[in-house]
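Undergrad: pasting the structure only:
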């Protein structure tokens, strides 16, 4: 068997005129110019290339030297040459840059809904950004050790596709974790492992939504990516207002079939859905045969001593899907979350997962399993809780003290962010200006709104900023507001 | 701040009668019985629990002892007790096992399409199963070392969500890899990293298919998961026959808008799409304004010295999406693949990815980047090619020799499997029976068919079986057929 060393046929036996050197040089140059050999590609070593083409090694050396001399290849001392970034690039770009032929097939849905765009903000590492936990206290050493162990074990068995529902051990570990951390009653069988909470929303939207027909109640203001997932499944979104008790259940439209809610810690206002509203929500869901999607994205970090029962715990009717994530308790780029799903929905949910991306990468699942089973997750959450609590105190202190003329914090008992109402809406312009300057990463709650008619408010993350920095920033923020009158 | 140690309120201040010990015992027992404390959950240590509840430690010890005596908790020597698997479990199962209330919302699509079910087959580790590469020659040590390095680097920067399109370094590495390995011309910007080829199919189906309207040509027989992804997006599937030259282009129905094809190595017959058919396919796509999805799932393993150009290379019209995967060149549970996408489609494709699961886990992306950049992927492919080639030779040898009375191999130049036509369809029953017995893992090509009208054939994977075992199995297979007459 002759091993091919160039990714296309050089057809040296079909040359018309010229020497082998000329022919080979011409054909490689053409391949570089038209992009078949892309900038940065490594060419085979002369010895290997010559052997494969059945020519003298000197000929190969001569061809490479010529291409290097002309600037098509870049010499690499002691190594193989790589393809230079030449004019062919421009030609290639021109060819590829054809604007979309209007007549190509396309799902028309994408023209009618707002799709997320990549975040453009450049923020300092220590700031008030939302949704990112602290990395400085993460047990990196433990994670590395468990990874090395998982890899050693994995290297001893053959390669396989693993179950779409998630590794059985991980589902078991998650069931114990949520039973204990959140009093969510479930067995390993009830758990479906997902690539973050976002994939849980996407799978649930695809499972439950009849495109163009199903109305979905969404908190307004609320977490934009859950809206995006439901919109992308063809749902009709019904924004429902949020007040100091959480989602205004009585305002949910009559024909709603799915209710998405963040009861532990509303995103982005941070308020807790009151016990009264929880009962009302489940009663309404029963009356109208709705399902409820409970997004408990940072419920591990609770600062009060009276956590309310999860909706999933209160549900006796198999209508609540409980969605959890490790993005806040561990780290977001882990991309691991889960759904505790009622049995009636599970088989199809897992089959949809199988159609979409088969399963989560196996080694990471094994590492996470060991991390939970050996108590590191519980330990990390226990360690972080007082650290976040101190930051929250520093923030509350400022909001209730030197910033209280302008801002009033929303009641909040959990999570990694806190929001505050602007007392005098007429001052919002200067308040937002001072916020952008002195509290980078903090956001207007309006950025989370669909209808945009809520009272003006600010929201501050405290996942990646120390209590001391919070106090100092808030002092500067207050000083700027005082100066502005 | 009082740290909550039980995941629900024990309300010790609201007890009616009885001692604290009795109240606490009763409430914990109820929580275990109704599943709020699930089997296997670890209770807090007595000292911590007592402190949190503001009671004497001895009281806590007494409560735990009582629950242990009653079988609700399991003692753990020197550690905290865990919740036992008690009768509450049965009650819980009963509540959760409600069959789906017919009136809950649900996308009706799932009632009309065939969804994949988990694979049930139990196979020996060394067998003829398809689609799984060899793990014994994988450079596990290199992978471990690169993982440890990626983790050390990652532990030094803060936590972030990373770009939905994929890490820029990985996209760059993939662009170089496909340019060189497959002559696919692309820049890093053209590459979208996905969780395996399956997610590429899913994202493309969602981007391109108008539910209920768009007809998609699918190879028949063909790879079932790509069918599942398109069906799940609401496509109308049009099965198109495959012969010794690959997809029968002239049989593609008139109103087809999307053509899915495996040109390098048809799945499952292994045939190569001929140069003539490649030109015809692109000409037809141009006439009818179709897009083409080129699935090049194992094109790295080529055994002829004249690889044909990829459709993406031949395309000058931005209508081909090239899908690649590392499931065969590295390992399937890595869950990494990619699309080389035309520019007109890219922004929406990335936005859909963002809605579905945000991005692939970051550490694994970094490991893969280093693995490709440092030449380990190219080296591994170079190392495996002669190993797989030897297995293919052993298989061909048997098919063209001692099995030639019954079987005729399809022409095939690439990949990790080979198929063979059954010469006399009347003998298929006994041939399949002997196959199941002597070539475990091999499959009837009919298992990949939609319409089921193709000629009977067998397909053999050689990813996880040695050449010697192939020869021995084939000898037993032939002997069994001879005995059967």
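TA: Nice, thanks for sending it over. As the structure is a computational prediction, the values presented were derived from the model and not from experiment. Residues are numbered from 1 along each chain as shown, chains lettered A, B, ... in the order given.
Undergrad: for stretch A:207-223, buried residues please.
TA: A:207-209, A:211, A:214-223 (16 or more other Cβ atoms under 10 Å in any protein chain shown). (Each C-beta comes from the backbone N, C-alpha and C, glycine too.)
Undergrad: between those, which is closest to residue A:422?
TA: residue A:221 (13.8 Å; Cβ to Cβ).
Undergrad: that closest one contacts residue A:455, correct?
TA: No. Look at residue A:221 against residue A:455 with Cβ atoms under 8 Å: they stay out of range, at 10.3 Å.
Undergrad: packing partners of the longest helix along chain A?
TA: In chain A, assigned by DSSP state H, the helix with the most residues is helix A:376-400. Contact partners of helix A:376-400 among helices and strands, from 3 or more Cβ pairs under 8 Å, 6 or more residues apart in numbering or on different chains; DSSP states H and E: helix A:168-182, strand A:407-409, strand A:417-422, helix A:467-483.
Undergrad: try 6 Å this time
TA: helix A:467-483 (3 or more Cβ pairs under 6 Å, 6 or more residues apart in numbering or on different chains; DSSP states H and E).
Undergrad: need the residues that contact the helix it packs on.
TA: A:126, A:390, A:391, A:394, A:395, A:398, A:402, A:403, A:406, A:434, A:438, A:439 (Cβ atoms under 6 Å, 6 or more residues apart in numbering or on different chains).
Undergrad: against residue A:475, how distant is residue A:401?
TA: To residue A:475, residue A:401 is 10 Å away according to Cβ to Cβ, to the nearest Å.
Undergrad: and if you look at residue A:195?
TA: Taken as Cβ to Cβ, the span from residue A:195 to residue A:475 is 41 Å.
Undergrad: residue A:249 against residue A:278, yeah?
TA: No. Contact status for residue A:249 versus residue A:278: not in contact, 8.8 Å apart, counting by Cβ atoms under 6 Å.
Undergrad: can you tell me the element whatever residue of the stretch 301-450 of chain A ends up closest to chain B falls in?
TA: Nearest residue of the stretch 301-450 of chain A to chain B, counting by Cβ to the nearest Cβ: residue A:344, 3.1 Å away. Using DSSP states H and E, residue A:344 falls within helix A:343-357.
Undergrad: can you tell if stretch A:163-176 touches chain B?
TA: Yes. Using Cβ under 6 Å from any Cβ of the partner chain, stretch A:163-176 reaches chain B at residue A:176.
Undergrad: who's in contact with that stretch?
TA: A:186-188, A:191-193, A:338, A:350, A:353-354, A:359, A:365, A:369, A:372-373, B:40-41.
Undergrad: before we move on, what about stretch A:147-154?
TA: A:363, A:366, A:367, B:144.
Undergrad: just the strands in chain A please.
TA: For chain A, the strands defined by DSSP state E cover A:73-74, A:82-83, A:191-194, A:215-220, A:236-243, A:246-247, A:256-261, A:291-295, A:320-325, A:337-340, A:407-409, A:417-422, A:443-444, A:457-461.
Undergrad: as CSV, the ones you listed with distance to chain B and mean pLDDT would be great.
TA: Shown next, in CSV, are the strands of chain A (distance: least, Cβ to the nearest Cβ, whole Å; pLDDT from 0 to 100):
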stretch, distance to chain B, mean pLDDT
strand A:73-74, 13, 82
strand A:82-83, 8, 85
strand A:191-194, 8, 98
strand A:215-220, 9, 97
strand A:236-243, 12, 95
strand A:246-247, 18, 96
strand A:256-261, 4, 98
strand A:291-295, 6, 97
strand A:320-325, 11, 96
strand A:337-340, 9, 98
strand A:407-409, 16, 97
strand A:417-422, 15, 96
strand A:443-444, 15, 94
strand A:457-461, 12, 96
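Undergrad: give me the pLDDT value at residue A:95.
TA: Here the pLDDT value assigned to residue A:95 is 44.
Undergrad: same thing with residue A:111?
TA: Looking at residue A:111, the pLDDT reads 85.
Undergrad: grab the nearest non-local neighbour of residue A:455.
TA: Once flanking residues are discounted, residue A:455 sits nearest to residue A:421: 5.7 Å by Cβ to Cβ, 6 or more residues apart in numbering or on different chains.
Undergrad: one more: residue A:449?
TA: residue A:221 is the one closest to residue A:449 (Cβ to Cβ, 6+ apart), at 4.3 Å.
Undergrad: nearest residue to residue A:178 other than its sequence neighbours?
TA: Closest to residue A:178 by Cβ to Cβ, 6+ apart is residue A:184, at 4.2 Å.
Undergrad: and residue A:412, by the same measure?
TA: Per Cβ to Cβ, 6+ apart, closest to residue A:412 is residue A:270, 3.4 Å.
Undergrad: and residue A:132, what does it touch?
TA: A:463, A:464, B:159.
Undergrad: domain-wise, how is chain A divided?
TA: A:20-90, A:127-134+A:385-483, A:140-378 (automatic domain parsing).
Undergrad: can you tell me which of the ones you listed is most buried?
TA: domain A:140-378 (a mean of 22; mean count of other Cβ atoms under 10 Å in any protein chain shown).
Undergrad: where in the stretch 301-450 of chain A is pLDDT low?
TA: For the stretch 301-450 of chain A, the stretches flagged by pLDDT under 70 are A:305-306.
Undergrad: how about a cut-off of 90?
TA: A:301-309, A:313-314, A:316-317, A:411-414, A:450 (pLDDT under 90).
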